[in-house]
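Peer 1: Requesting a structural model of the entry that follows:
(2 chains)
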Amino acid sequence: MTAPMRTWLATAAMAAVGVLLWSRGVSAGPAPAPPSAASALVDTAAPPTAPLRRAIDALQLEEAEGLCAALEAKLGRDPAVTYYRGVLKFYRGDYAGALAAIDDALAAGGSPPPWEQMRALVLDTLEVTRGFARTASPDGRYVVTYSAADALLAPYALDVLAKTDRAVEAALGLRLPGPVRLEIFPSASALAQVSALTVEQIETTGTIALSKWDRLMVTSPRALVRGYAWADTINHEFVHMVVSRMTGERAPVWLQEGLAKLMERQWRGGELRLRLDPSARGLIETAVRESGLISFDEMHPSIAMLPSQDAAALAFAEVATFMDRYATGQGLAVLRTALGHIRSGVDARDALGKAAGQPFAQLERRWRAGLPRGKAGAGPGGAAPRRLKLRLAGGEGKQDESLDVVQEEARRFLRLGDLLWDRGRTRAAAAEYEKAHAADADDPIVASRFARAALDAGQHARARDAIAPVAERYPDHGPAHAVLGAAELALGRPERAAPALRDAVMINPFDPQPQCDLARSTTFDAERLWAQNACDLLRRR
Amino acid sequence: MASIRTTLAGLRRRTRLQAAARGATYGAATGGLALACAGAMAGPVVAPAFAWFAWGAVTAAAAAGVVLGLAPLRALAGDRLTSVLEAKVPGLPSRVRTALQLRERTPGSSDALREAHLGAVAAGLARVPAPEVLPWRTVGTPLLGAAGLVACAVLLLTLGYAPLRSGVSSLARPASPLADGSLRARVVAGLEARLSFPSYLRRSSDVLADPVRITAPRGTTVELRIRPSIDARRGRVLIGAQEVRLRAQDGVLTGRFVVRESAGLAIRLLEGTQWYEDRQARSLNALPDDRPEIELISPPTGAWVQADTPQPVQFRAGDDAGLAEVHAVVRLPGGTERRHRVWTSLRAGATPTELDEVITLLPAALGVRAGDQFELWLEATDGDVVTGPNVGRSATVVLEAASEAQHLSQHIPRLHDILGATLDVLGDRLEQPIPEATAGAQTRFASLRGKTETVVAGLDSLVKALGEGSDVPSGLDPDDLGGAKRRLERLLRREGRLYGGRKAALSQRARVDGRAVRELETDALLFEDMLSVAHVDEAAALAQELERLRTRIGELLSELKASDSEEARRALMAEVARAERRLRDLMRSLAKMATQVPTEFVNQEAMAAEQPESSLTDLRGAVQSGDLDAAAKHLQDLQDQLSRLTDSLREGGLRMQQQRQGPRNEAMAKAQEQLSMLADEQGRLAQRSAQRMRDAFERTRGQSGQGGAGEALRREADALQEQLEALSGDGVGGTRRQALDQAMQRARDTRDLLDSGDLSEARSMAGATARSMRQVADGMEMEARMFQGHDGRAGERAENARKASELAQGLEQGIDRQMPKQADQMTPQQQAQMRADARAQSELRKQTQKLREAMTQGPGGLPLSPDASRDLQQAEQQMGEAQRRLQQGKGREATGQQQAATDQLQRAAQQLRQKQEGKGKGKGGGSGQQRASGDSGETGDGEGTTDEVVRIPDSDDFRAPQAMRRRLLDAMRQPSPAGYERAVDRYYRELLR
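Peer 2: Just a heads-up that it's a prediction; the model follows:
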């Protein structure tokens, strides 16, 4: 589910959100549906429709379609069957049809609370997506819907979906029946409206994307001040959807997250290998050094039961490294077998052990032995990279990123730099940013500002030297990549600029500068064309 | 020949002229006599026939006289004229006649002879000029003289004798008949008009003699006194349509009327049965009393005023007759008008015709509430009680009573400008390194100085404006703003010294430049924080105002439901209009806030003001359509929306406070706690010192009994009191009386304090007495030198005053001498304790210094409270002084310093407390501002200054405690309830200690 930027903290929170959603009576997506979740969608007192309900809960939608048609033929306009027809339509993205069917069901058969709740969700979704544009791949397998302001993202998203689909199918062996639907929401509040989350929960947990009801839902990077790794997030959510299908929604959250994290960069191609970002690596290294690792017993049955967000973040880092070791050590075939065992009802740990032919405890010991023990994730002063808070863009108003700067002195100088920058005093602003950078060289916000000001003052090498290590340590910080690319380009090294600029665009495609710089630095014609178009479009806004 | 004729023509003209003179004289005499006779017969009024007859007779008489005068001309006709030459040159007339006969040539005559004859005649004539031939004296015959006398006599008689003159006059203008049968004639011999003006004009009466046109203000009473030329006993005065009867009194007709309108004025008199109207046309000009003119000069339209603060209103007014009153009239939003008299002639003691005044007006007293938009105009009235009063009205100005939020709004743009200017200076300093060359460096500094002075001026203006307001907006702290101003001024002065005549090293300049940069950085962040908070505060205040209005609307809605009266409806609509205006302000404020305040502190969705606007519009519509239930529903919606909005703003403000001010608030709380502890500790030390002094005094008293030195001092105090009382009854007046009274009061205090054993305070009071008496004595001595006074008493009084002054001074010295003896009375333990206290005092001073340094360098380098830092610095000085005195064994002086230090510490703690509570008013507006204005020298706020001179306070600096003592001493003199005298006395003594 989560993006690299908010990986550990957000995934920990996701579990909590899942529990919350269940408790509110709407199924929670990738997690195996507990009995209470099932009751959210169905009326348990309707035995003829029980198989249909189970099929829907297990995301066996094609089977559910057949069951529904059979029931319709057999029972005619039975309210429960009509209701499930509506639910199926909702899962298929026909929100208007779903609403009409549920209304019919409600009119004919009373209004059990779950039906009302489902109706409210469908209505909300219909309202939020009203006016959305729709773009599909030529073969119709991938469908992206989005608001007009996010039109720029749609072609990128289709490309990412196609690449992800191929990579995940190759790894897990399941091809989703399709069409694969992706909805891009213009704001966190819109996502909140269609997911029963609140904006506050989104803000505090970092949940900006969901895989649920057989569709992928992501927030536009435009809705965040610094964007986020939206492409990796789509991939991440796609893995959830596939694993849910493969396990009949029975995979525990830790397994889901471990696999999704392991595979979230697969759309880029290359070997399946976990790319542990410095932040997560720092967490693991610290835990290993201090014997603070969380055992799988503690994680089971749910990571949401862990006592703190830090513990949850560490747990997700652990499971990601575990699944990395399992998949690369045992092979993907064994992994697929394990998923099959889970679908058949075997406990996840037992399923993994059974498929690997060794007890899970042994797998765990070996994994522990292979965990990193050094201080590779440490930055200046030996500190691990800090986690940046999710910052939603609050409309067109003034943003104050300085609030995310931890070091007080650095924050002061950053504010001063911003004040001077806003008044066009770029050289003076650069002087203040430099002081801020001197106070905290590891802060990505400060480093980005300083590098930007240095670039503006013509000090290209200085800008590059300041931002390069920060971009390395904070791979999800879009502005750092954008400035690094710009600095490399200014230094006459487009071949070094292009990768950084691509990273920047994959975090925030709505920032015109990296698009324009990418158009100047890339050697690929298609990419140049895309970037130039985006650059022109964004500059015109 | 020609010359002969010319000469003769001249002679003829002269004879004619003389004859004419005679004729005229005779004619005048005869005519005059005839006219006098006719006039004497005619009387003041004559009929036209008689007049014609009389004039005929006069003409005939005059003609006869003329003829008589011209008669001699007949004897000189033709050549007989030459006869006049006979008397002068005998024979010449004959020769002349011959010459005249020879003037034409006759045949046979000799031309030469003729010419010779003519030449001889001409020569003869030339020798006798006409005046010699016909001198005027020859005209003057006795008859002519008599005629001339008669003519003159008649003339004088006619002019001088009224009946004759009246008769002649009536002959000249005989009575003419009018349509109503009366006759127009000159019947008024004299007229006098006495004008009594209306009292409001405050003019003395005036008398007009024989006026043709009477001009007077309306309301003027006119009393006419008419002296008729006929025998009239009755009469009337016709003024337009008005008729005024005339009554006879002592041969004079009188009448009275009041001037109301302009009109013709005719006088009619009755003689016998005939009415006569005086021929003289007269008129009455009634001067209207113009309306006063008044001009409202300030405030101008659109100005904001404070409803609960007296507002200056400047106006200029004028009135021809004089101004009586000026009223301020306010029209409130609901249309209600309220008036208030702002000036009256009664108080001024005069009715000026011009007035240029500045008065104060309290809008709240006229029903204006904060946030109201109201109209104001002035009305000036004159004192015209006859036709008025006349009212002049000024132009109307529309004003707005600033609400709390608007009060804040006024300051936000100023602070915004200050922030911009600060960043400008900071930018310049950062972007322009100091040139090595002196000239370049000086140019740079000159530019920076100008810009920095702009910042300082802006801060000064803002601090003053905040001080003037009734309430200081919580976001803007005058203490911090004043501190920033002083720091910048100080830096500028220091830097200025490096760019003056003395050449400074570049490194030195760079060091000071760096310090200035740090200061500007700190200030810029401070101002930015203040701005953000102010924006949120402004919106929050507006939302709260709206909420109050909503509550009021709810009440009015209930009233309307109960009464359904038009008045209630109007009041409700006025309140809705008020709310709509506030809502517009709120929307503007929110729009500004969205661009000025980071979105992290602004919940944009919750802060949409469109919903309340819609609810308010619906509410208005519902009230207008009479659907009160719907109105109540919309009101409920409005309440919910405002509640959400207010909550959101409050949360945003708290978040911002926490984020931006969190560390500062924590530091402030910590400092406040430490300050309280320091103040407590210092108080304990001071108390211990005071107790030691009391013990020493008691021991002194114990050793010397109740008498001893203390008794001697009391006797001296009694003597002083007696001296002063004697002086008081000796007719001292004026300003010296005040000083004497003060001295007497101080002397009484000294006596009481001697009784209570407080020698320190007694000495202070005796000193005050001595000072007052010195002042009295000096003045009296000077007066005595200039004016000896009755029986030389002035000198005696001055001597007594001097004596009293010396007594007071002696008493002070006596107490002073007595005091060291107390210290000598300390036990060894007490002396050891004093030394220990000196060490404790030293430690306390160090802790205070440490705290001050921490406060000076608060979070972000910003002093926690510049004013509190200054108090601490002063307290440190006092503690240091107290420590030295303790070491020297001077307990009394140490006690004073310790008490003063305690006060300073408590004051600093209080300042911090107020600051934390967001009520900087007491500091910023009051003491903060005073300090700001007094900081012209090198004194600072204690923010790390080392060159500040802190004065050690002397006894004069403790006026407040003295004042309290004074009140207590006065209270002590009040009678106590029976049986409680000693308890009450003990209570007051403890208080005094």
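
Peer 1: tell me how far the helix or strand hosting B:A147 is from the chain's mean position?
Peer 2: Using DSSP states H and E, the element containing B:A147 is helix B:142-160. The offset between the C-alpha centroid of helix B:142-160 and the centroid of the whole chain comes to 72 Å, using C-alpha atoms, centre = their mean, to the nearest Å.

Peer 1: Flag every buried residue along that helix.
Peer 2: By neighbour count on 16 or more other C-beta atoms under 10 Å in any protein chain shown, the buried set for helix B:142-160 is B:L144, B:A147, B:G148, B:V150, B:A151, B:V154, B:L157, B:T158. (Glycine included, C-beta is placed from N, CA and C.)

Peer 1: so B:A19 sits right up against B:L73, yeah?
Peer 2: Yes. With contact defined as C-beta atoms under 8 Å, B:A19 and B:L73 form a contacting pair (4.8 Å).

Peer 1: residue contacts, residue 401?
Peer 2: Picking chain A for this. Applying C-beta atoms under 8 Å, 6 or more residues apart in numbering or on different chains, one finds that A:E401 lies in contact with A:V225, A:R226, A:R391, A:L414, A:I445.

Peer 1: actually it's chain B I care about, not the one you picked
Peer 2: Contacts for B:A401 (C-beta under 8 Å, 6+ apart) come out as B:W304, B:V305, B:Q306, B:A307, B:P363, B:V368, B:R369, B:A370, B:G371, B:D372, B:Q373, B:F374.

Peer 1: Could you identify the buried members of those?
Peer 2: Buried residues within those, defined by neighbour count using 16+ other C-beta under 10 Å: B:V305, B:Q306, B:A307, B:P363, B:V368, B:R369, B:A370, B:G371, B:D372, B:F374.

Peer 1: In a markdown table, list those along with pLDDT, secondary structure and distance to B:L253.
Peer 2: Output for these, formatted as a markdown table (pLDDT from 0 to 100; DSSP: H, G, I helix; E, B strand; the rest coil; distance: C-beta to C-beta, whole Å):
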| residue | pLDDT | secondary structure | distance to B:L253 |
| --- | --- | --- | --- |
| B:V305 | 83 | strand | 64 |
| B:Q306 | 79 | strand | 67 |
| B:A307 | 81 | coil | 66 |
| B:P363 | 87 | helix | 61 |
| B:V368 | 86 | coil | 62 |
| B:R369 | 81 | coil | 67 |
| B:A370 | 77 | coil | 70 |
| B:G371 | 75 | coil | 71 |
| B:D372 | 80 | coil | 66 |
| B:F374 | 89 | strand | 61 |
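
Peer 1: In these, find the pair that's most separated.
Peer 2: With distance counted by C-beta to C-beta, no two of the buried ones among the contacts of B:A401 lie farther apart than B:Q306 and B:F374, which are 13.1 Å apart.

Peer 1: Now do the shared contacts for those two.
Peer 2: B:P363, B:A401.

Peer 1: Let me have the contacts of B:A401 in CSV, extended by distance to A:A369.
Peer 2: Output for the contacts of B:A401, formatted as CSV (distance: C-beta to C-beta, whole Å):
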residue, distance to A:A369
B:W304, 76
B:V305, 81
B:Q306, 77
B:A307, 79
B:P363, 83
B:V368, 82
B:R369, 78
B:A370, 74
B:G371, 74
B:D372, 79
B:Q373, 80
B:F374, 84
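
Peer 1: tell me which of those residues is nearest to B:A510?
Peer 2: Comparing the contacts of B:A401 against B:A510 with C-beta to C-beta places B:W304 closest, at 46.2 Å.

Peer 1: returning to what we had before: with only the CA atoms kept, save the helix holding B:A147 in CSV.
Peer 2: As requested, C-alpha coordinates have been extracted for helix B:142-160 and formatted as CSV (Å, rounded to 0.1, in the frame of the first residue of the first chain):
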residue,chain,number,x,y,z
PRO,B,142,-28.1,153.9,2.0
LEU,B,143,-31.2,152.6,0.5
LEU,B,144,-29.3,149.7,-1.0
GLY,B,145,-27.8,149.1,2.4
ALA,B,146,-31.1,149.0,4.0
ALA,B,147,-32.4,146.7,1.4
GLY,B,148,-29.5,144.4,1.9
LEU,B,149,-30.1,144.4,5.7
VAL,B,150,-33.7,143.6,5.2
ALA,B,151,-32.9,140.7,2.9
CYS,B,152,-30.4,139.3,5.4
ALA,B,153,-32.7,139.7,8.3
VAL,B,154,-35.5,137.9,6.5
LEU,B,155,-33.2,135.1,5.6
LEU,B,156,-31.9,134.7,9.1
LEU,B,157,-35.4,134.9,10.4
THR,B,158,-36.6,132.3,8.1
LEU,B,159,-33.8,130.0,8.9
GLY,B,160,-33.7,130.6,12.6
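
Peer 1: helices or strands up against the helix or strand hosting B:L125?
Peer 2: Using DSSP H and E, B:L125 falls within helix B:111-127. Taking 3 or more C-beta pairs under 8 Å, 6 or more residues apart in numbering or on different chains; DSSP states H and E as contact, the helices and strands that helix B:111-127 lies on are helix B:2-42, helix B:92-101.

Peer 1: just to revisit the earlier point, counting contacts, what elements does the helix holding B:A147 pack onto?
Peer 2: Judged by 3+ C-beta pairs under 8 Å, 6+ apart, the packing partners of helix B:142-160 are helix B:2-42, helix B:162-172.
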